[in-house]
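Asker: Build the 3D model from these lines:
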Amino acid sequence: MAVLCAVHYGDPAGPVGVAVPRLPAVALGVLPLTTQVPEGPMHTFVTYDARLVTAELFSGQLVLRDPKDVESYRGLFDFLAAHALWGAEAREFLRHLAEDFRGHGAGDTGS
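Answerer: Residues are numbered from 1 along each chain as shown. Sure thing, here's the model as predicted:
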C-alpha cells in the first residue's frame with residue numbers, strides 16, 4: 001500500500017494536537033497494492049511546492065529544484081493520485097485494513 005497525502009499549508013500557528021487527517025488542509029489518499037497502475041516510481045518522493053522536490057533513493061536523498069524535474073514529479077503525483085482512493089473510500093479501506101490487522105492479532109507471529 002502506498003499513501004499519498006496532499007497537504008496545503010495555511011496558518012502555521014493553526015491548531016496543535018489535532019489528528020492530521022481531520023485538518024481541512026490535508027487530503028489523505030491510499031493506493032492499495034492491488035490497484036493496477038501502468039507505471040510508477042521505485043522510490044518515494046515529496047513535492048513541497050512548484051520549486052522543490054525530494055526523492056529518497058536506495059543510495060540517498062536527491063533534492064531537485066530544476067523546474068523541469070519538479071514539474072515531472074508533480075505530474076507523477078497527479079498520475080498516482082488519479083489511481084488512489086480518497087475521502088470516504090480511503091477511510092473505509094483503512095478501516096477494513098485495521099480490522100484485518102486486529103483480527104490477526106498485533107503480536108501474532110504466524111507460527
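
Asker: which residues sit in contact with Leu76?
Answerer: The neighbours of Leu76, taking CB atoms under 8 Å, 6 or more residues apart in numbering as the test, are 40-41, 45. For glycine as for every other residue, the C-beta is placed from the backbone atoms N, C-alpha and C.

Asker: give me that answer again for 10 Å
Answerer: By CB atoms under 10 Å, 6 or more residues apart in numbering, Leu76 lies in contact with 39-41, 45, 47, 53.

Asker: What strand or helix carries Leu94?
Answerer: In this assignment (DSSP states H and E), Leu94 forms part of helix 87-104.

Asker: Kindly report the same for Phe77.
Answerer: Using DSSP H and E, Phe77 falls in helix 67-83.

Asker: which parts of that helix are buried?
Answerer: For helix 67-83, burial by neighbour count (16 or more other CB atoms under 10 Å) applies to 70, 73, 76-77, 80, 83.

Asker: hey, C-alpha coordinates of it in CSV?
Answerer: Taking C-alpha atoms only, helix 67-83 is exported to CSV below (Å, rounded to 0.1, in the frame of the first residue of the first chain):
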residue,chain,number,x,y,z
PRO,A,67,11.6,23.4,-12.8
LYS,A,68,11.5,20.6,-15.4
ASP,A,69,12.3,18.0,-12.6
VAL,A,70,9.8,19.5,-10.2
GLU,A,71,7.1,19.5,-12.9
SER,A,72,7.8,15.9,-13.8
TYR,A,73,7.3,14.8,-10.1
ARG,A,74,4.2,16.9,-9.8
GLY,A,75,2.8,15.2,-12.8
LEU,A,76,3.8,11.8,-11.4
PHE,A,77,1.9,12.7,-8.1
ASP,A,78,-1.2,13.7,-10.1
PHE,A,79,-0.9,10.4,-12.1
LEU,A,80,-0.7,8.3,-8.9
ALA,A,81,-3.4,10.4,-7.2
ALA,A,82,-5.8,9.6,-10.1
HIS,A,83,-5.5,5.9,-9.2
